[in-house]
Structures are given as C-alpha cells and as structure tokens.
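Enquirer: based on what follows, work out the 3D shape:
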Amino acid sequence: YLNEDAPESADVFNRAMTTSSEQSARDVAALLDLSASASVADLGGGQGHVVACLLDKYPAMRGYLLDLPRVVQNALPRLREGGDLADRTCIVPGDIREAVPVDADVYIIKNILEWDDDSTARLLRNVVEAGGPGARVVVIENLVDDTPSMRFSTAMDLLLLMNVGGAKHTTDSMVGRLGAAGLEVGDVRPVNPYLHAFDCKVAG
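Expert: So this is what the prediction gives:
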C-alpha cells in the first residue's frame, strides 16, 4: 500500500523545518554581539542560515560555512557565487569531526553537540586547536532541563539515543563537556524558548 499523501507530508515537514531554521538563525543573530569580531565560522551550519543572518547584521564581517560536501552544495544561493553575500563568504566542505580548517574570531556550533561522545569530543578538540587561546566559541543547543522546550528536547533525546548513540544535554552536562574540552564557559543565555547559548572562549 502506497500512501499518496506521503510526498506532500514530507514537503510540508521540510518547509516547516526550514522556517524553523530561518527563525532560530534570526534569533541567534539578534542575541549575539559580534561587533568586535572580523570573522565568524558556522560549524555544521547546514545551508548557512546563521552565517547569512550574521553577515546581514555586520556588513564588514567575513563568514565561513563548514559542513559535509553534500550539505554545503545546497547552501543558500545568497552565499554561493552570484549571491549578494558571496564576496564575504567562504564555503568549506568537509567533516568538522575530522578537522576545522578555518581561523576565525568566533566559532558558532548550533544543534550539533548531540552526537555520540567521541564525535562531540573530537569536534570540540578541533575547534580548540583551530581557534587557539582566547578564541570565542558560541555553542547553541536545546536542553532537556529547559522549560517550555523540555518535552520537545526529551523526545529528541530519545530519538538521538536510539538512532545515533547521541543525546541532548542538561545545562550542567553541557558545561561539563565544554570545560573538559578546554573551553571556559561564560554567559549562558536563552536564545528563544527552545535554545540556549553558551558563550565560551578557548582557555589559554
């Protein structure tokens, strides 16, 4: 039996996820003060919604979008050749769990520290090595101890655990993980009802 509504349902879901990504990217850009920074790298940034919003906010800033080759080939047209942000954007295909080959003032890590422990540790180690002492690292995540998003995050936690061996974090577990990687955690602030930002710097 073939569900004739399935393709339409998938399309509706994809549009909803894109809208959610766009809104959360705007929320991130509104929250962060990067006025003292000349460059920002969005790690595992997907189509590049976050970096695009930050480049809109800071017209003199240069941005980097890093993600897997099959992901960045679908980057926002604005970031690619011919786009209005292309001259300030460098798209870097690769696996950030293997290397972060970008020297930036600020590194953004949004909704990807939910892998298995080894992958998460490797990514954080790569960011610390790439940025060096004093580099700013902003980690943005759903938290399972955050209300009103707790039910959503807990459901995602179970899904991640079953499928990839990963998990969502509590505030304490995230702070512990970042500290163990060599990051000093400063402010922890809500981005919106579903996300929190951990503003860190590489210890030096």
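
Enquirer: contacts, neighbours, all on C-alpha from now
Expert: Noted.

Enquirer: now do the strands in this structure.
Expert: Counting by DSSP state E, one finds strands in the chain at the ranges 39-43, 62-67, 89-93, 106-110, 136-141, 183-192, 195-202.

Enquirer: can you pull the buried residues of the fifth one?
Expert: Neighbour-count burial for strand 136-141, with 16 or more other CA atoms under 10 Å as criterion, is recorded at Arg136, Val137, Val138, Val139, Ile140, Glu141.

Enquirer: would you confirm that the last one contacts His196?
Expert: Yes. In this structure Glu141 lies within contact range of His196 using CA atoms under 8 Å: 5.6 Å.

Enquirer: contact partners for Glu141?
Expert: Lys110, Asn111, Ile112, Leu113, Leu195, His196, Ala197 (CA atoms under 8 Å, 6 or more residues apart in numbering).

Enquirer: skipping adjacent residues, who's closest to the second one in space?
Expert: Read it as Asn111. Sequence neighbours aside, Glu141 is the residue nearest to Asn111 in space, at 4.9 Å (criterion: CA to CA, 6 or more residues apart in numbering).

Enquirer: tell me which residues are up against stretch 124-134.
Expert: Under the criterion CA under 8 Å, 6+ apart, residues 96-105, 107, 135, 178, 181-183, 201-204 lie in contact with stretch 124-134.

Enquirer: before we move on, what about stretch 35-45?
Expert: In contact with stretch 35-45 (CA under 8 Å, 6+ apart) are residues 48, 50-51, 58, 60-68, 96, 102, 104-110, 112.

Enquirer: buried subset of the residues you listed?
Expert: In the contacts of stretch 35-45, the ones that pass as buried (16+ other CA under 10 Å) are 48, 50-51, 58, 61-67, 96, 102, 104-110, 112.

Enquirer: ok, now which ones touch the closest residue to Ala86 other than its chain neighbours?
Expert: The shortest distance from Ala86 to any non-neighbouring residue, by CA to CA, 6+ apart, is to Leu79 (4.6 Å). Going by CA under 8 Å, 6+ apart, Leu79 touches Gly48, Ala52, Leu85, Ala86, Thr89, Ile91.
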